[in-house]
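Trainee: Quick one, fold the following:
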Amino acid sequence: MKRFTLWKIRDGRLGARLASSAAMIAAAFALAALAPGAEAACAGQNARETRTDRAEIGKDRAQLRNDVRDVRRFERLLLRLDGAQRAGDKAAEEQIRKRIHGYLRGETAEAHRDLAADRRESARSRQEVRSERREVAGDKRELDRARENGTDAEKMDARRDLAHDRSDLRDDRRDKRDDRRDSAASRQRLDRQREILVELRKLEPDVDSGNSGALARERSLLEEFLRISREDAAATGRELREDRRELREDRRERRDDRQESAEPR
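Mentor: Just a heads-up that it's a prediction; the model follows:
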């Protein structure tokens, strides 16, 4: 019996068909060999994102508790200042003001740290969008190849993968917008807190002398700082909800990846 190999078949339609078939088989084996690594990389990325989301949720919960506690503490300080002013107790007023100014400085320093954290999260969101864009681009190439040479099942799988990753990209873009908004709001709150501190320092001599206009302005600034602190706590609650949503999305992505890995190829 004669044995035919690609090296022995040099011409003719039979040789061309065999060569084409062999090339397709080789490509299929190559893709099969690469697929587990790609799936592992994707699963690893999703797992890392899930761990990051869980860590963010834990930090947001702790931050929300601290924010609420700080707001209540500030409210109590303002009530004590009101009581000292009504009683005409100058010594108590001075002591409470020192505590209030220390609180304001601490809150401003914390706002600076929050802004840095928001910027890191925004950078992470941008990276996730870039990664998902690459996924979508790869899905489009796979769909084009399936349309040219693939079976109906392969076309359907390619369309499904593209739809899934497009949905993930929309989610990541929304997260990016949310993080950018949060970062901008944190920047605005921090800037205003710093401005309030500067103005309060300038008012101190007139406040100490009992100037009614300075006292009224001081009260207005303290009330504004309280409002900003409440807004900060509300923003932390919003970030907690967003991180919980991102965790649900990452879980869905991991579930989709597992389902795709379990399907026969």
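Trainee: CA atoms for contacts and neighbours, from now on please.
Mentor: OK.
Trainee: Do you know the pLDDT at residue 257?
Mentor: Looking at residue 257, its pLDDT is 63.
Trainee: ignore the last one, residue 176
Mentor: 89.
Trainee: and what of residue 98?
Mentor: Note on residue 98: pLDDT of 94.
Trainee: before we move on, what about residue 38?
Mentor: 48.
Trainee: go on, residue 11?
Mentor: On the pLDDT scale, residue 11 gets 43.
Trainee: Could you do the one 3 residues further on as well?
Mentor: Reading off the per-residue confidence, residue 14 sits at a pLDDT of 40.
Trainee: and residue 122, how many neighbours?
Mentor: By other C-alpha atoms under 10 Å, 21 other residues sit near residue 122.
Trainee: so how far is residue 62 from the residue nearest to it when sequence neighbours are not counted?
Mentor: If the residues on either side of it in the chain are set aside, residue 122 comes closest to residue 179, at 5.0 Å by C-alpha to C-alpha, 6 or more residues apart in numbering. Counting by C-alpha to C-alpha, to the nearest Å, the separation of residue 179 from residue 62 is 19 Å.
Trainee: For those two, indicate the residue with more neighbours.
Mentor: Remark: of residue 179 and residue 62, residue 179 carries more neighbours, 23 against 12, as counted by other C-alpha under 10 Å.
Trainee: if we can go back for a sec, for the residue nearest to residue 122, list the residues it contacts.
Mentor: 118, 121-122, 125 (C-alpha atoms under 8 Å, 6 or more residues apart in numbering).
Trainee: at 7 Å instead, please
Mentor: The contact partners of residue 179, taken as C-alpha atoms under 7 Å, 6 or more residues apart in numbering, are 118, 121-122.
Trainee: got a markdown table for those residues, with distance to residue 247 and pLDDT too?
Mentor: Formatted as a markdown table, the contacts of residue 179 follow (distance: C-alpha to C-alpha, whole Å; pLDDT from 0 to 100):
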| residue | distance to residue 247 | pLDDT |
| --- | --- | --- |
| 118 | 17 | 86 |
| 121 | 14 | 86 |
| 122 | 16 | 89 |
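Trainee: Inside helices: which ones of these?
Mentor: By the criterion of DSSP state H, membership of these in helices covers 118, 121-122.
Trainee: Dump these into JSON lines; add distance to residue 193 as well.
Mentor: Formatted as JSON lines, the ones in helices among the contacts of residue 179 follow (distance: C-alpha to C-alpha, whole Å):
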{"residue": "118", "distance to residue 193": "17"}
{"residue": "121", "distance to residue 193": "22"}
{"residue": "122", "distance to residue 193": "22"}
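Trainee: and which of those residues is nearest residue 191?
Mentor: Nearest to residue 191 among those, counting by C-alpha to C-alpha, is residue 118 at 15.0 Å.
Trainee: Setting aside sequence neighbours, what's the nearest residue to that closest one?
Mentor: Leaving aside its chain neighbours, residue 118 sits nearest to residue 183 (5.2 Å; criterion: C-alpha to C-alpha, 6+ apart).
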